[in-house]
Structures are given as structure tokens and as C-alpha cells.
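>>> turn this into a model:
(one chain, ligands or ions: 1)
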Amino acid sequence: MTQDIEPSGSLLAALDRGESLPSRWYTDPAITEREITHVFRKNWNYIGPLSQLTMLGDYITGYAGGVPVVVVRNERGLAGFVNVCRHRRHEVMKGRGNAKVMQCGYHAWTYDLAGGLKRVPRSASEPGFDLSDFPLLPIRAETLGPFVFVHLDHEAPSVQACYGPILDIIAGSGVLLDRLVPHSREEWRSHANWKTMLENYLECYHCAVAHPGFNAAIDVRPDAYKLTAHGLFSSQTGQVRAAALQGKSKVALYDVAGDVAQSQYHFLWPNMTININPGFPNLSVDVWNPDGPNATRGISEQYFGPGVSEEFAQSLIAFNKQVAKEDDDLTDSVQRGLLGGFPDRGRFLTSSEHLVVHFQKMIVKAVAQ
Ligand SMILES: [Fe+2]
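Okay, the predicted model is just below:
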């Protein structure tokens with residue numbers, strides 16, 4: 001199945017004409033491999049909330065382009081490491097929590113919170129063995145508001161330089177990022193290419209057709225709903241519908257009346273999305289990782305402002321899950337179409353789907369030769 005990758009010039013010219021990437025880009029394992037190397041390992045990867053890294057020894061594990069990573073708070077601040085033992089390459093830390101040292105569960109090689117290797121059972125009798133030769137490999141760990149990211153490249157621009165202006169846009173929604181409280185977190189898996197799923201996220205042309213509840217809550221008409229590319233991130237903003245505020249929606253809705261009247265849906269290249277919905281202060285994060293070409297593994301986190309009721313939280317989570325279910329049905333179907341291979345290319349309406357075109361151009365620039 002693997003073929004040479006088309007030159008970027010012809011792919012970019014096709015995108016300018018509104019022609020999508022060829023179907024193979026969504027089904028070929030060789031493309032996914034190149035994306036992991038050239039997209040996920042060359043960009044910032046969201047790991048978790050700063051609020052879970054406040055005490056000395058707090059740590060969060062995760063993956064960046066398939067590389068196990070850990071972020072820990074030590075005496076000097078946040079520190080990121082490849083979460084793989086220098087001995088036999090077992091993962092050192094699991095999940096998230098608090099620890100005095102980082103000890104591998106395989107042979108008990110033990111690292112301090114700065115990544116230095118401090119104790120190796122039986123090493124005293126090993127000729128020429130020096131603990132200082134085998135620290136955990138350091139990586140970048142930086143924060144954007146309440147979110148912690150890692151980067152495998154020490155020369156990359158800062159997370160602030162990549163996405164900084166998003167903080168002011170989020171503040172404009174009425175959600176105070178620094179006051180948000182993590183509520184819940186879950187992992188999910190879907191049966192579509194990660195790009196199929198994010199390209200669905202990046203347009204609301206389908207909202208009136210496929211999301212009756214969402215369409216009742218948010219004014220998705222083209223004049224009211226704005227889609228803006230900002231380079232490494234993009235933003236969709238809409239207003240709550242007046243009928244929803246007045247309780248006159250034709251479909252049952254959660255209580256949309258609250259301090260937040262604007263909805264915001266942000267995409268941070270390459271695989272993080274941030275959602276804010278009308279109502280009481282709320283925010284959700286999704287992370288989308290390829291699991292081979294035909295599946296995606298994700299993480300969803302829900303945050304709410306202080307004092308927001310559990311009843312509101314549950315009703316908004318149910319609303320988000322309903323939208324996600326509707327989207328999964330769409331993207332599963334698209335993936336089946338892509339797997340068939342005919343037609344080889346789709347045709348965008350660039351007035352409504354320009355964020356998808358922007359995304360595909362970024363993919364081409366990263367992946368094509
Ligand atoms: Fe959707």
C-alpha cells in the first residue's frame with residue numbers, strides 16, 4: 001500500500017482549489033508514521049492541568065508522539081523527562097500522583113526528582129558503572145495558563161510563542177482560566193483517523209444538519225458563527241441562541257443561562273481542542289492521538305468554575321457527550337468512505353471549511369517531501 005508521497009507543491013495547489021488530501025492520507029500506516037515523526041514529535045503536546053502539579057513531587061505521565069513522558073514538580077519548578085528507564089526501557093512512573101523519587105518498577109533503578117540516577121541495586125559490583133552516566137532524558141515542560149505541555153525538541157519556540165494569544169480570547173468568553181477546577185477525566189477510542197476527527201471539529205457547516213441540540217443552543221448560522229485561523233491555533237466562536245436563553249428551544253437543553261454567553265471552540269495544532277459552552281463557567285479539553293491510521297485514542301477533561309453545581313456539570317457533560325456521539329457517527333462513516341478509496345478527493349466549500357483547508361496545509365507542510 002505504501003507509495004511515495006506526492007510533492008507538497010501539487011498538494012498545496014489542489015488545496016487552494018478546494019480539493020482535499022487524497023484518501024490514502026487517512027488510511028496508510030506509512031502516513032501515520034510520518035505524522036508521528038514530523039507532527040507529534042515536533043510540536044507541543046498537552047499533558048495535564050497545572051493544578052495537579054502544585055506540590056513538590058507531584059507528577060503527571062503521558063505520551064508525546066508515542067514517547068512516554070513525565071512532568072514532575074521538583075525544587076526548581078516543573079521538569080519534564082522521557083518516562084523511560086535508562087536500564088531496560090521500562091516506563092518509570094505510572095499515571096499521576098505524588099512521589100519522593102522516581103523509581104522504576106522493573107529493577108528498582110531510582111531517580112531523584114531532577115532526573116538524576118541515585119540508586120541501582122547490585123551496581124557496586126558492576127565494573128565501570130557510573131550512576132551519573134544514566135539520568136532520565138530531559139524534555140521541555142512549559143505552561144500556558146493552567147495547562148502543562150511538553151516538547152521533545154529543546155530548540156522549539158516556547159509554548160507561549162505558539163499559542164499565547166489564545167489566553168485573551170478565552171478571557172473574552174467570561175471563563176477565568178486560573179479559577180477553573182478539574183472535574184473529571186476520561187479516555188476514549190474512536191474508529192476514524194485522527195485527522196478525520198479533527199477536520200470534523202474544524203467546521204460547523206455540519207452542525208445544523210447533524211447536531212440538533214447543539215444547533216438549538218448555539219447560533220451556527222454563517223453570519224453569526226466565526227471561524228478564524230491564527231497560525232498554530234484556530235478559533236470558532238458563536239453566541240447562545242435567544243430562544244435557548246428564554247427556554248423556548250424545540251429540543252431539551254441544559255441550562256444555557258449563566259455568565260458565559262459565548263461559545264468558543266479552539267484547536268491548538270496539532271492535537272488539542274478546548275471547548276467553552278454557554279452557561280456557568282465551564283471548559284473541556286480533548287487530546288486526539290493516532291492509534292494507527294484507522295483509529296484515534298483520546299483524553300477528555302472537564303473543568304468548571306468554582307461553585308458551579310454538580311447538576312449543571314452533569315447536564316453539560318451529557319450535552320458534550322451527545323455532540324461527541326453524533327460526531328463519532330459522522331467520522332466513522334467518513335472513515336469507511338476513505339477506506340473504500342473512491343472518490344479519491346473531496347471538495348471543500350472554502351467559505352465554510354477554510355479551517356479544515358488550513359489544517360490540511362499544515363499537515364502537507366509537515367509530512368510531504
Ligand atoms: Fe460536529
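
>>> so what does the host helix or strand of residue 312 touch, helix or strand wise?
Assessed by DSSP states H and E, residue 312 sits inside helix 310-340. Where contact means 3 or more C-beta pairs under 8 Å, 6 or more residues apart in numbering; DSSP states H and E, helix 310-340 is packed against strand 181-190, helix 194-201, helix 207-210, helix 212-217, strand 282-290, strand 296-304. All C-beta atoms are positioned from the backbone trio N, CA, C, and that covers glycine.

>>> now that helix against strand 296-304, angle please.
160 degrees (axes from the mean of the first three to the mean of the last three C-alpha atoms, to 10 degrees).

>>> what bridges to the spatially most central residue of the chain?
Nearest residue to the geometric centre of the chain (C-alpha atoms, centre = their mean): residue 272, 2.1 Å. Taking DSSP bridges as the rule, residue 272 bridges to residue 268, residue 287.

>>> any idea of the pLDDT on it?
Looking at residue 272, its pLDDT is 98.

>>> from residue 112, how far off is it?
Distance of residue 272 to residue 112, computed by C-beta to C-beta, to the nearest Å: 30 Å.

>>> residue 179 now?
For residue 179, the distance to residue 112 - C-beta to C-beta - is 33 Å.

>>> ditto for residue 4
48 Å.

>>> neighbour count winner among these two?
When neighbours are counted by other C-beta atoms under 10 Å, residue 4 and residue 112 differ, and residue 112 comes out ahead with 17 against 7.

>>> excluding sequence neighbours, find me the nearest residue to the more buried one.
residue 118 (5.2 Å; C-beta to C-beta, 6 or more residues apart in numbering).

>>> was I right to think the one you found contacts residue 108?
No - counting by C-beta atoms under 8 Å, residue 118 does not reach residue 108; the two are 11.2 Å apart.

>>> what about the helices in the stretch 101-250 of the chain?
159-163, 166-171, 194-201, 207-210, 212-217, 242-245 (DSSP state H, counting those that start in this stretch).

>>> next, count neighbours for residue 341.
Neighbours of residue 341 under the rule other C-beta under 10 Å: 12.

>>> next one: phi and psi at it?
Backbone geometry at residue 341, expressed as degrees, to the nearest 10, gives phi 90, psi 0.

>>> for it, which non-adjacent residue is closest in space?
residue 23 (5.1 Å).

>>> for residue 341, give me its contacts.
For residue 341, the contact set (C-beta atoms under 8 Å, 6 or more residues apart in numbering) comprises 23-24, 27.

>>> low-confidence stretches in the stretch 101-250 of the chain?
Low-confidence segments of the stretch 101-250 of the chain (pLDDT under 70): none present.

>>> list the buried residues of the helix holding residue 312.
Using 16 or more other C-beta atoms under 10 Å as the test for burial, helix 310-340 gives 312-313, 315-317, 319-320, 323-324, 326-328, 330-331, 334-335, 338.

>>> also stretch 149-166?
Those would be 149-152, 159, 162-163, 166, for stretch 149-166 by 16+ other C-beta under 10 Å.

>>> turn the residues you listed into a markdown table, including distance to residue 58.
A markdown table is the format used below for these (distance: C-beta to C-beta, whole Å):
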| residue | distance to residue 58 |
| --- | --- |
| 149 | 16 |
| 150 | 15 |
| 151 | 20 |
| 152 | 22 |
| 159 | 19 |
| 162 | 25 |
| 163 | 23 |
| 166 | 25 |
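
>>> so which of the residues you listed comes closest to residue 80?
residue 150 (4.7 Å; C-beta to C-beta).

>>> identify the bridge partners of that closest one.
Under the criterion used (DSSP bridges), residue 150 bridges to residue 45, residue 141.

>>> list the contacts for it?
Counting by C-beta under 8 Å, 6+ apart, residue 150 makes contact with 44-45, 47, 62, 64, 69, 71, 80, 139-141.

>>> which of the residues you listed has the most neighbours?
Busiest of those [other C-beta under 10 Å] is residue 71, holding 29 neighbours.

>>> for the closest residue to residue 172 other than its chain neighbours, give the beta-bridge partners.
Spatial nearest neighbour of residue 172, excluding adjacent residues (C-beta to C-beta, 6+ apart): residue 262 at 7.2 Å. In this structure, residue 262 bridges to residue 239 when assessed by DSSP bridges.

>>> residue 82 is in contact with residue 69, isn't it?
Yes - counting by C-beta under 8 Å, residue 82 touches residue 69, with 6.2 Å between them.

>>> what sits in contact with each of those two?
Common neighbours of residue 82 and residue 69, using C-beta under 8 Å, 6+ apart, are residue 139.

>>> one step back: looking at the buried residues of stretch 149-166, which one is closest to residue 297?
Among the buried residues of stretch 149-166, and counting by C-beta to C-beta, the member closest to residue 297 is residue 150, at 17.3 Å.

>>> pull the contacting residues for residue 157.
Not one residue lies near residue 157 by C-beta under 8 Å, 6+ apart.

>>> go with 10 Å
For residue 157, the contacting residues are 44, 151, 232, by C-beta atoms under 10 Å, 6 or more residues apart in numbering.

>>> now residue 192
Residue 192 sits next to 26, 198-200, 293-296, 327-328, 330-336, 338-339 when contact means C-beta under 10 Å, 6+ apart.

>>> let's see 7 Å
296, 331-332, 334-335 (C-beta atoms under 7 Å, 6 or more residues apart in numbering).

>>> ok, which pair from those residues is furthest apart?
Largest separation among the contacts of residue 192 by C-beta to C-beta: 296 and 334, giving 12.3 Å.

>>> picking that back up, between which two of the buried residues of stretch 149-166 is the distance greatest?
152 and 166 (21.9 Å).

>>> tally of neighbours for residue 220?
Residue 220 has 21 neighbours, counted by other C-beta under 10 Å.

>>> ditto for residue 81
26.

>>> quick one: the residue lying farthest from the centre of the chain and residue 261, what's the gap?
Distance to the chain centre peaks in the chain at residue 125, reaching 46.2 Å (criterion: C-alpha atoms, centre = their mean). Using C-beta to C-beta, residue 125 is found at 69 Å from residue 261.
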